[in-house]
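*Asks:* Fold the following, please.
(2 chains)
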Amino acid sequence: SAVISQKPSRDICQRGTSLTIQCQVDSQVTMMFWYRQQPGQSLTLIATANQGSEATYESGFVIDKFPISRPNLTFSTLTVSNMSPEDSSIYLCSVSWLAGELGGTQYFGPGTRLLVL
Amino acid sequence: QKEVEQNSGPLSVPEGAIASLNCTYSDRGSQSFFWYRQYSGKSPELIMFIYSNGDKEDGRFTAQLNKASQYVSLLIRDSQPSDSATYLCAAGDSGYSTLTFGKGTMLLVSP
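*Replies:* Below is the predicted model:
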């Protein structure tokens, strides 16, 4: 596995503003993902962050609302744009390697708790 | 639409008992299956993964996979109060890339 950190760990934001969440891994990984977990709910995949190219978004999520960057194999950012109270959630990054028996296994960062007022 | 179904619980078991958590999945193309444990306020933590039909044991945990029935289970032997958490089942796509998560089963182990 790897050590995965996220910044900020939590934030309170005003509606209409944007927040950028960072995910840093201590080793190179193949895949990086961004999830949202709303209170009492399971994880919903927002997008796969692709190194050097545009992210792959899941149905219901668009780049204008959730722009994602992945400049290298250890770092990614997710921006939540023009926030509304409905964006209040926990945002999680995860990483995986596509090799051997651990292929597809995802490991999660500690999460970012976002409250939008 | 790929779906993973879990009973939301809570599943209550006494300390020392066997806890049985179940999961079904809709996509027959799924090849990999994962169990994560999530304590309240924390991020998911990988417990086990299983790719082949049958049982896979790791300490007190046993994962069971039946691809014909599209069914995955997790058995926790000698349950401890520290096992009290939400258990998330996830199915991987055939490309070993994205995961689809169930809504999780809350497990409560009473002393």
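
*Asks:* Which strand or helix spans the residue nearest in space to the middle of chain A?
*Replies:* Computing the C-alpha centroid of chain A and ranking residues by CA atoms, centre = their mean puts residue A:34 first, at 2.9 Å. Using DSSP states H and E, residue A:34 sits in strand A:31-37.

*Asks:* Would you mind checking the average pLDDT for that strand?
*Replies:* Mean pLDDT, computed over strand A:31-37, is 95.

*Asks:* what stretches of chain B score poorly on pLDDT?
*Replies:* Residue ranges of chain B with pLDDT under 70: B:94-96.

*Asks:* Contact distance from chain A - what residues of chain B qualify?
*Replies:* B:32, B:34, B:36, B:42-46, B:49, B:51, B:88, B:90, B:92, B:96-104 (CB under 8 Å from any CB of the partner chain). Any C-beta I mention is one placed from the backbone N, CA and C, and that applies to glycine too.

*Asks:* Using PyMOL, define a selection of the buried residues within these.
*Replies:* Listed next is the PyMOL selection for buried residues among these, using 16 or more other CB atoms under 10 Å in any protein chain shown:
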select buried, chain B and resi 32+34+36+43+44+46+49+88+90+92+96+97+98+99+100+101+102+103+104
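
*Asks:* Residue A:86 belongs to a helix?
*Replies:* Yes - applying DSSP: H, G, I helix; E, B strand; the rest coil, one finds residue A:86 inside a helix.

*Asks:* elements contacting the strand holding residue A:34?
*Replies:* strand A:19-25, strand A:43-49, strand A:75-80, strand A:89-96, strand A:106-108 (3 or more CB pairs under 8 Å, 6 or more residues apart in numbering or on different chains; DSSP states H and E).

*Asks:* Swap in 10 Å and give it another go.
*Replies:* Applying 3 or more CB pairs under 10 Å, 6 or more residues apart in numbering or on different chains; DSSP states H and E, one finds that strand A:31-37 makes contact with strand A:19-25, strand A:43-49, strand A:68-72, strand A:75-80, strand A:89-96, strand A:106-108, strand B:99-101.

*Asks:* Throw these into a markdown table and include distance to residue A:115, thanks.
*Replies:* Converted to a markdown table, these look like this (distance: least, CB to CB, whole Å):
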| stretch | distance to residue A:115 |
| --- | --- |
| strand A:19-25 | 11 |
| strand A:43-49 | 18 |
| strand A:68-72 | 21 |
| strand A:75-80 | 12 |
| strand A:89-96 | 9 |
| strand A:106-108 | 20 |
| strand B:99-101 | 23 |
